[in-house]
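Colleague: No letters, just coordinates:
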């Protein structure tokens, strides 16, 4: 019988074919949803969906005019984020597309150190000293920063899809907030904490679109969002956006030999305009939002006095994140209206130095990516927008307690972490293109 087998036709052979090895589930999920288009993978869509949910929860008070906010939803996005991020990173690891650890840690290490310090002291504050508010959430969400950076594949051809998705999320969220602000106009339910999110979305739209009519529409929507919201933070961010657009427009039209002189003139112009706006504020402040200086100044004074008691390492995060404010007939325990001062009083000069240095390193990296993608309009629009987002977020949480709230923490650190990953990939591609 065995002697007859070689004589049989090939299609009648009894030999068993060896099947190709099956791919792991995470690897299959990390395939492109549209193979021909080279679009986002399924796990990438899940991750960006969680980011969109965090945006909508952050903007929930004016979201389409519906008072949607519920306290138990504050950490809903984080509950979903854990398994989604783990699944996506597993897919990248199996496909050998994850960012190298060394450059990611080289950018994020100061913030990682701060993220490891804050939860330890805050756990003591919460469960040993029964403090109402602590910085556990801040440290937990900040610890995810390098994982966000690792979530971006290290393939340059994939950056376009990521940029399109992130720009879409920003514009969609800003439009939803603007509609909500319009519906609830003159109702004291909108938040000054959201204006950097709304302005950044329309700012991104201005740089992403090529049509001049859409650019004008983006500017109109940005101005409308600030005017309708009627918050000082919104006016400050609007002025920053318009100054950036005005000065950058001149910069891009000049020859390189003139840019040094123009840059000096732009700095002087910005200082003059900022001074004029400050003088106009003091002249017409009775017609503008007050900003609650009686509350803010009392909170700032209490935070600074605590910092003076231990200026090197602060309280070590073993104290509560709020201050007691005494009004006319009652005493209220409310958060310090400045996350920067909170970091200073809890972490002292060491904590503030780690935070400032880590934030600055991300800014420098994104700024380098802006210069490296000048001939890639969509990617350049993304990096210009995320750089603006980073600066306006800093302005906002320097005046408000954003870094104590789950959805805001995901929006801030996820955007900055993804920007780190995208910037590293873009800079690697630019360096490879320069080599002969």
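Modeller: Sure thing, it's come through. For clarity, every value in this text was computed on a predicted model and none was experimentally measured.

Colleague: so what's residue 126 closest to, chain neighbours aside?
Modeller: residue 134 (4.6 Å; Cβ to Cβ, 6 or more residues apart in numbering). For every residue, glycine as well, the C-beta is placed using N, CA and C.

Colleague: In the stretch 51-200 of the chain, where is pLDDT below threshold?
Modeller: For the stretch 51-200 of the chain, the stretches with pLDDT under 70 are 60-74, 132, 184-193.

Colleague: low-scoring pLDDT stretches of the stretch 301-436 of the chain, where are they?
Modeller: Using pLDDT under 70, the flagged stretches of the stretch 301-436 of the chain are 320-334, 436.

Colleague: isn't residue 379 right next to residue 373, touching?
Modeller: Yes. Between residue 379 and residue 373 there is a contact at 4.3 Å, judged by Cβ atoms under 8 Å.

Colleague: ok so, going back, quick one: the residue nearest to residue 126 is in a helix?
Modeller: No. Read with DSSP: H, G, I helix; E, B strand; the rest coil, residue 134 is coil and lies in no helix.

Colleague: Would you check that it makes contact with residue 128?
Modeller: No. Contact criterion Cβ under 8 Å: residue 134 and residue 128 do not qualify, at 10.8 Å.

Colleague: out of the two, which sits in the busier spot?
Modeller: residue 134 (26 against 9; other Cβ atoms under 10 Å).

Colleague: how close does the more buried one get to residue 170?
Modeller: As judged by Cβ to Cβ, to the nearest Å, residue 134 and residue 170 stand 31 Å apart.

Colleague: picking that back up, intersection of neighbour lists for residue 379 and residue 373?
Modeller: Applying Cβ atoms under 8 Å, 6 or more residues apart in numbering, one finds that residue 379 and residue 373 are jointly contacted by residue 426.

Colleague: I'd like to know how many residues surround the nearest residue to residue 156 once chain neighbours are set aside.
Modeller: Nearest residue to residue 156 in three dimensions, chain neighbours excluded: residue 429, at 3.6 Å (Cβ to Cβ, 6+ apart). The number of residues packed near residue 429 is 19, by other Cβ under 10 Å.

Colleague: Help me confirm that residue 429 is found in a helix?
Modeller: Yes. Counting by three-state DSSP, residue 429 is part of a helix.

Colleague: all strands in the protein, in order from the N-terminus.
Modeller: 322-326, 331-335 (DSSP state E).

Colleague: hmm, back to that, next one: the residue nearest to residue 126 from residue 150, what distance?
Modeller: 28 Å.

Colleague: ditto for residue 421
Modeller: In terms of Cβ to Cβ, residue 421 sits 7 Å off from residue 150.
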